[in-house]
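*Asks:* Would you be able to build a 3D model of this:
(one chain, ligands or ions: 2)
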Amino acid sequence: MIDLLSTFLVVDGRMIMMKKKITSKIANCLCGGVKIRIKGKLRHVINCHCSQCLKTHGNYAAYTECPDDKINFINKTTLKWYHSSKIAKRGFCSICGASIFYKLLKSENISIAAGMFSNPTKLKTHSNIYTKGKLDYYKLDSRIPKFNRNSR
Ligand SMILES: [Zn+2]
Ligand SMILES: [Zn+2]
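*Replies:* Ligands and ions are numbered 1, 2, ... in the order given. Next up is the predicted model:
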């Protein structure tokens, strides 16, 4: 979805309206109880293989990310937060059970499960992290960089 943002510029004493393309993306859980619009860029996708992601997603997690203030909640009536550790919480839908958000409490960014978006996402998978936690039933794509811990 493309929104047009109007900005005004004064050139030679005349007001000129500029239309700037701003891409916005919609993400929602299975039941639609959590629905968000993100304005601006999303980070590339990082697959996390830590045991907490495996347990909450039922598989490794694929997260994109953006600054908190770029998220606009269209609906969050069913959103619940689980404090998964002292430093982080995870947002999920209390009706359909979708694992949607990962939030480091001190961070100004929020991770969003990439599967909540629809095509074209224009996202690419960038890396695998915490691969020590990977279970043995699946293989990693050797073309994607891997890190035993976080990549940052
Ligand atoms: Zn839901
Ligand atoms: Zn993880």
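
*Asks:* Low-confidence bits of this structure, can you list those?
*Replies:* 1-11, 16-22, 151-152 (pLDDT under 70).

*Asks:* Centre-most residue in it?
*Replies:* I112 (2.3 Å; C-alpha atoms, centre = their mean).

*Asks:* For that one, which residues are in contact?
*Replies:* I112 makes contacts with 27, 36, 38, 42, 63-66, 71, 100-101, as judged by C-beta atoms under 8 Å, 6 or more residues apart in numbering. Yep, even glycine has a C-beta here, placed from its N, CA and C like the rest.

*Asks:* Which ones among those map onto strands?
*Replies:* Members of these lying in strands (criterion: DSSP state E): 27, 36, 38, 63-66, 71, 100-101.

*Asks:* which among the contacts of I112 gets closest to ligand 1?
*Replies:* I100 (8.2 Å; C-beta to the ion).

*Asks:* Contact distance from ligand 1 - what residues of the protein qualify?
*Replies:* 29, 31, 33, 93, 95-96 (C-beta under 5 Å from the ion).

*Asks:* make it 8 Å
*Replies:* 28-34, 78, 93-98 (C-beta under 8 Å from the ion).

*Asks:* So which of those residues is surrounded by the most neighbours?
*Replies:* V34 (27 neighbours; other C-beta atoms under 10 Å).

*Asks:* near ligand 2, which residues of the protein?
*Replies:* So the chain meets ligand 2 at 48-54, 60-61, 102, 129-130, 133 (C-beta under 8 Å from the ion).

*Asks:* which residues does the nearest residue to C50 once chain neighbours are set aside contact?
*Replies:* Excluding its sequence neighbours, the residue lying closest to C50 (C-beta to C-beta, 6 or more residues apart in numbering) is Y130, at 3.9 Å. Shown in contact with Y130 (C-beta under 8 Å, 6+ apart): 48-50, 53, 147-150.

*Asks:* just the helices in the chain please.
*Replies:* All helices of the chain, identified by DSSP state H, fall at 51-57.

*Asks:* Where do the strands of it begin and end?
*Replies:* Assigned by DSSP E, the strands in the chain fall at 2-11, 14-28, 34-39, 45-48, 61-67, 71-76, 79-82, 88-93, 99-104, 109-113, 125-129.

*Asks:* gap between the third one and the chain center?
*Replies:* Same thing as strand 34-39. Offset of strand 34-39 from its chain centre (C-alpha atoms, centre = their mean, to the nearest Å): 10 Å.
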